[in-house]
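Quick one, fold the following:
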Amino acid sequence: MGVSRPVCGFVAALLAGCAVGPNFQRPAAPQASDYGSAPSQGSTAAAPGTGGQSQQFIAGRDIPAEWWTLFRSDKLSALVEQSLKGNPNMEAAQAALHQAQLLYKAQRASLLPSVQGSFGGTRSQYPTESLTAPTTASSNTYNLFTAQLSLSYMPDVFGGNRRALEASRAQVEATRYQLIATYVTLSSNVVTTAVQEASLRGQIAATERMLALQRQLTETVQKQKGIGTASNIDLLPQEATEAQTAATLAPLQKQLGQTRDALTALLGRLPDQEPAETFRLDELALPTDLPVSLPSKLIEQRPDVRQAEENLHAASAQVGVSVANMLPQFQISADTGSAALTIGKLFSPYTGFWDLGASLSQTLFDAGALIYRHQAADAALDQAGAQYRATVILACQNVADTLRALQSDADALNATATAERAAREAFELANRQYQLGTLTLVALINAEQTYRSAELALVQAQANRYADTAALFQALGGGWWNLPEATFK
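Take a look at the predicted model:
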């Protein structure tokens, strides 16, 4: 009958003095060379006006640490810096990293002996009729004072403590990448919120211009009705159109107020401390040279992927801990000190004592608890591996989605700009014909509606390009690796 695997493992570990459990190896990088049919090189379409520049996809280009400066807005850069310093989520993430570092240092103590000092004093009385006096004193009561040092050490024969330390170190790194993810998300949210504000201001301005023209037309029709050249059939549709446009203004103003509240919160402030800076699309430059990292490089850049990898590392180390707990446990202990009947005689000749011992223990029966914990650690490792693969897939999906969005945004802006220009020219022509009396008021109102709707769509299309450009920098990892090393210590 052959020797069982657990016995072989026990003997091998004992002889080699190695750490039991799997040695962690980083998962292989994705072999994909691109993001499928999503554009990873070439350029996008161009369009006239704000945000209409063609954007170039440059494979392998690095990302600057402060990528938001590419929008060329000092106000935006200032708010990003303020948010990174004032947002409490950054402070919480930094505190979590500090906590993890301290717990790692505490875990390192498990590799060294533990030494404790103690001092005790007792007053005792012994029964004179049944026991021999423990001292030479004539009284059956006496004092005993003891001062001693105790040493306890559990040799890490099978590497369980080293695996636990490995898991703790991986947790430190996972917490560090969580801090980095907070940094990247926060800076990206400030940029996208500023772009959203600029978009809403543009939509409100276009709506107000539409409303002003409609009020002017309503007044014109009312005057015409007063002199008998128009009737309620002409006036009522115009009043209805004006009211419908006015009804769209309040929701936009509400969204703008809420966006300003969100921006204030990102800065770590209460609503009454709203920043003085405001944003408009024509004040922002559209970055034209866009980096595209290969999937094999992306997993090095994305903090969520790196965090998932460290979680996998910690789970792997915990398997080793569970194996070591199933093996014999060794302990060395020692005591030295002095005991005397009076404090003044402590450490005097013939009061000293010492002892030295070693022990070995092995769990013989625990109803399978250690085996189940080991199996649970294996299951946790499988879970961490699956979560890592899911995070990698999501990271690549984010980049692919954003690349598609940028290509689509450029095409949409080009089409929307063309439609807006045609609608504007049609409205201007219709207005001249109406002034000459060759076009009805209804036709003029329809031309105006088409133009103002196209103007609103143009603002939204412009904002989409800015927002998705910021999303690409976030999806690629945000350039944190180009910051000074001390930033996330």
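
And the residue most central in space within the chain, what's its pLDDT?
In the chain, the centroid-proximal residue (Cα atoms, centre = their mean) is Ala181; its distance is 3.2 Å. Looking at Ala181, its pLDDT is 97.

Next, it: secondary structure please.
For Ala181, the secondary-structure state derived from DSSP: H, G, I helix; E, B strand; the rest coil is helix.

what do you get for Leu144?
strand.

Distance of it relative to Ala423?
Noted for Leu144: a distance of 102 Å to Ala423, by Cβ to Cβ, to the nearest Å. C-beta here means a position set from N, CA and C on the backbone, and glycine is covered the same way.

The two: who's more crowded?
More crowded of Leu144 and Ala423, by other Cβ atoms under 10 Å: Ala423, with 21 against 15.

Distance from the one helix or strand the more buried one maps to to the middle of the chain?
Following DSSP states H and E, the helix or strand that holds Ala423 is helix 369-436. Offset of helix 369-436 from its chain centre (Cα atoms, centre = their mean, to the nearest Å): 19 Å.

Show me what that helix packs onto, helices and strands only.
When contacts are defined as 3 or more Cβ pairs under 8 Å, 6 or more residues apart in numbering; DSSP states H and E, helix 369-436 packs onto strand 289-292, helix 295-301, helix 303-325, helix 441-475.

which secondary structure elements does the second one contact?
What it means is helix 295-301. When contacts are defined as 3+ Cβ pairs under 8 Å, 6+ apart, helix 295-301 packs onto helix 303-325, helix 369-436.

Just grab the bridge partners of the closest residue to Val115 other than its chain neighbours for me.
Excluding its sequence neighbours, the residue lying closest to Val115 (Cβ to Cβ, 6 or more residues apart in numbering) is Leu151, at 5.2 Å. Assessed by DSSP bridges, Leu151 has beta-bridge partners Val115, Ala334.

I'd like the distance between Leu151 and Gln474.
Taken as Cβ to Cβ, the span from Leu151 to Gln474 is 54 Å.

okay, those two: which has more neighbours?
Gln474 (20 against 14).

which residues does the residue nearest to Gln178 when sequence neighbours are not counted contact?
Spatial nearest neighbour of Gln178, chain neighbours left out: Gln307 (5.7 Å); criterion: Cβ to Cβ, 6+ apart. Gln307 makes contact with 174, 177-178, 181, according to Cβ atoms under 8 Å, 6 or more residues apart in numbering.

mind redoing it with 10 Å?
Contact partners of Gln307, counting by Cβ atoms under 10 Å, 6 or more residues apart in numbering, are 173-181, 388, 391.

swap in Ala59?
Applying Cβ under 10 Å, 6+ apart to Ala59 gives the contacts 33-34, 40-42, 291-294, 297.

how about the helices of the stretch 1-150 of the chain, start to end?
For the stretch 1-150 of the chain, the helices defined by DSSP state H, counting those that start in this stretch occupy 5-16, 74-86, 88-108.

and Gln460, which of the ones you listed is closest to it?
Closest to Gln460 of the helices of the stretch 1-150 of the chain, according to Cβ to Cβ: helix 74-86, at 19.8 Å.

Of all the residues in that closest one, which ones are buried?
With burial defined by 16 or more other Cβ atoms under 10 Å, the residues of helix 74-86 counted as buried are 75-77, 79-80, 82-84.

Switch the helices of the stretch 1-150 of the chain over to JSON lines; also include distance to Gln222.
Formatted as JSON lines, those follow (distance: least, Cβ to Cβ, whole Å):
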{"stretch": "helix 5-16", "distance to Gln222": "95"}
{"stretch": "helix 74-86", "distance to Gln222": "44"}
{"stretch": "helix 88-108", "distance to Gln222": "55"}
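
count of neighbours near Gln273?
Counted with other Cβ under 10 Å, residues neighbouring Gln273 total 9.

can you check Ala240 too?
Number of residues near Ala240 (other Cβ under 10 Å) recorded here: 10.

Then the one 10 residues further on?
Neighbours of Ala250 under the rule other Cβ under 10 Å: 9.

Determine which stretch of the helices of the stretch 1-150 of the chain is the most buried.
Most buried of the helices of the stretch 1-150 of the chain, by mean neighbour count (mean count of other Cβ atoms under 10 Å): helix 74-86, with a mean of 17.

before we move on, the earlier item: buried among the contacts of Ala59? Need that as a selection in PyMOL.
Of the contacts of Ala59, the buried ones can be selected in PyMOL as follows, counting by 16+ other Cβ under 10 Å:
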select buried, resi 40+291+292+293+294+297
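
Where is pLDDT lowest across the contacts of Ala59?
Ser40 (79).

Please name the residues that touch that one.
Each residue near Ser40 by Cβ under 10 Å, 6+ apart is listed here: 33-34, 57-59, 292-294, 399-400, 403.

Farthest-apart pair in those, please.
Greatest spatial distance among those (Cβ to Cβ): Ile58 and Ala400, at 16.8 Å.

So for the two, which residue has more residues nearby?
Ranked by neighbour count (other Cβ under 10 Å), Ile58 and Ala400 place Ala400 first, with 19 against 15.

is it true that that one touches Ala38?
Yes - between Ala400 and Ala38 there is a contact under Cβ atoms under 10 Å: 4.1 Å.

Between the two, which contacts overlap?
Residues touching both Ala400 and Ala38 by Cβ under 10 Å, 6+ apart: none at all.

mind checking how far the residue nearest to Gln178 is from Gln387?
10 Å.

what does Ser361 give?
In this view, Ser361 and Gln387 are 36 Å apart by Cβ to Cβ.

do Arg421 as well
50 Å.

How many residues are close by the closest residue to Asn414 other than its chain neighbours?
In space, and not counting its chain neighbours, Asn414 is closest to Ala47: 4.1 Å by Cβ to Cβ, 6+ apart. Each residue near Ala47 was counted by other Cβ under 10 Å, and the total is 25.

Please name the residues that touch Ala47.
Residues near Ala47 by Cβ under 10 Å, 6+ apart: 53-54, 409-418, 420, 458, 461-462, 465.

same check, this time on Leu312
Residues near Leu312 by Cβ under 10 Å, 6+ apart: 24, 26-27, 170, 174, 380-381, 383-389, 391.

Nice, that's everything, thank you.
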